[in-house]
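# I would like the atomic coordinates for the input below:
(chains A and B)
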Amino acid sequence: MTTKVIDWLDERLGLQGIYSTVLDRKVPKVNWWFTLGSASLFLFAMQVLTGIFLTVYYVPSPDHAYDSIQFIMNGVPFGWLMRGIHHWGASLMVIFVFAHMLRTFFYGAYKYPRELTWLTGAVLLLATVGMGFTGYLLPWNQRAYWATTVGTQIAGKVPIIGPYITQVMRGGSDLSAVTLARFFSIHIWFLPAVIGAMIGVHMYLIIRLGIAGVPGKED
Amino acid sequence: MAKSPHLTRNEFVKTMLAVLGTVMGVVVGLPAVGYLVGPFLKVSSSDVWVPLGPLENYPVGTPPTLFSFTRTKVNGWERTTNSYGCYVYRETAAHTIVFSNVCTHLACRVKWEQADQMYHCPCHDAEFGPKGQIIQGPQTRPMDRYENKVENGTLMIHFTKG
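Next up is the predicted model:
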């Protein structure tokens, strides 16, 4: 019965083809450092899921942001778990994505024909850091407020256009409700869209080109 | 090759993946459901006696008096203060009726019209007599009453709204 259903679906969807293309790829003999990409992908999936759940209660307004998070932590069953996973997963993701980049760099895996995999990966690393920066403001506590004050100030040190960058990031001359709203929007819409699209290209290239193995003596 | 009675490595990995995947799905899925529905499973209702001041404030023979009060409700991370109104009608020295000013038709607020000796609802012209009885209009039941009692000379009503 199950086989029949699977066969019926497979005939129409080509599941077997997808399965063998995606999972039964030939890979060179590699080591544990090659699991960092999959780990990053898993962490991203966790961040998306827990993030979606957090938006059920979180409100991006100075009046309610802090209180709504207190409610998630103390008033909602497993709210501490959702936020805990999102909080620690965020740090882990930055670490894993960065380590993944280092592995690719030191093994020379960015070379022909994988330049575009490397470039999309660079965008993914920057977007991940951007997620960390924008997400940091959302709790709207003292640490969030001053970290963003400093962060936007640092961006203002760019020659000539610096002050404008700071103003655009903050949505005004000071941190305000506008800043919180735009950081929230970037955090849940703009950057996830960029990351999703880039992961799509990144994965396509990995499946198309395969992965580079550990470089040998003659490489 | 003869079929071995033991699991092959491939079968073992697939079985373990299925088992672990199910366990992880349950471990993550159940809290997720609790997270969404949990805070709202317990019925929150307020069941308090609201004081309306000394009973002498409402002498026999005076028209029904509007008394307004507020109740604060916590909704998640927010506190909402709702105001409520009631009409106190001292029918006799020993008997007081307290009406909710919410119209029994579609929940507008009724107002006592002294000249006409009736409660009038501005929304659909529902009319109630001094004892809350239906005079005319679209409403199907008389005005709602609060249970009341007098404690140490203070009139109190039993407020049970959720």
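
# next one: the helix or strand of chain B with the lowest mean pLDDT to chain centre, how far?
Of all helical and strand segments in chain B, the minimum by mean pLDDT, DSSP states H and E falls on strand B:65-75, at a mean of 87. Distance, stretch centre to chain centre, for strand B:65-75: 12 Å (Cα atoms, centre = their mean, to the nearest Å).

# would you list every one of the helices in chain A?
For chain A, the helices defined by DSSP state H occupy A:2-13, A:15-22, A:36-54, A:65-74, A:79-106, A:115-137, A:142-155, A:162-170, A:177-185, A:191-209.

# mind checking which of the ones you listed is nearest residue B:131?
helix A:65-74 (45.2 Å; Cβ to Cβ). From N, CA and C alone the C-beta is placed, and that goes for glycine too.

# what segments of chain B are helices?
B:9-37.

# got the residues of chain A near chain B?
A:53, A:56-57, A:59, A:64, A:67-68, A:70-71, A:75-79, A:81-82 (Cβ under 8 Å from any Cβ of the partner chain).

# can you tell me which of the residues you listed are buried?
Buried members of the residues of chain A next to chain B, counted by 16 or more other Cβ atoms under 10 Å in any protein chain shown: A:53, A:57, A:59, A:64, A:67-68, A:71, A:76-79, A:81-82.

# retrieve the pLDDT associated with residue B:1.
Looking at residue B:1, its pLDDT stands at 53.

# same deal with residue B:60?
pLDDT, read off for residue B:60, is 87.

# got the residues of chain B near chain A?
B:31, B:32, B:34, B:35, B:36, B:38, B:39, B:76, B:77, B:78.

# so which of the residues you listed is the most crowded?
residue B:35 (21 neighbours; other Cβ atoms under 10 Å in any protein chain shown).

# where does pLDDT dip in chain B?
B:1-4, B:43-45, B:161-162 (pLDDT under 70).

# switch the cut-off to 80
Within chain B, the ranges that satisfy pLDDT under 80 run B:1-5, B:42-46, B:161-162.

# could you chop it up by domain?
B:8-41, B:48-159 (automatic domain parsing).

# report the buried residues of the first one.
Read that as domain B:8-41. Buried, per 16+ other Cβ under 10 Å, within domain B:8-41: B:31, B:32, B:34, B:35, B:39.

# OK, contacts around the second one?
Right, the one you point to is residue B:32. By Cβ atoms under 8 Å, 6 or more residues apart in numbering or on different chains, the residues touching residue B:32 are A:53, A:78, A:82.

# and those residues as JSON lines, adding distance to residue A:117 and pLDDT?
JSON lines is the format used below for those (distance: Cβ to Cβ, whole Å; pLDDT from 0 to 100):
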{"residue": "A:53", "distance to residue A:117": "32", "pLDDT": "96"}
{"residue": "A:78", "distance to residue A:117": "37", "pLDDT": "93"}
{"residue": "A:82", "distance to residue A:117": "33", "pLDDT": "94"}
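
# and of those residues, the nearest to chain B?
residue A:78 (3.7 Å; Cβ to the nearest Cβ).

# gap between the residue nearest the centre of chain A and chain B?
The centroid of chain A falls nearest to residue A:128 when counting by Cα atoms, centre = their mean (4.4 Å). Going from residue A:128 to chain B by Cβ to the nearest Cβ, to the nearest Å gives 22 Å.

# ditto for residue A:132
23 Å.

# count the residues that sit near that residue.
14.

# hmm, it is touching residue A:97, no?
No - the pair residue A:132 and residue A:97 fails to qualify as a contact (Cβ atoms under 8 Å) at a distance of 10.1 Å.

# identify the residues contacting residue A:67.
Per Cβ under 8 Å, 6+ apart, neighbours of residue A:67: B:77, B:78.
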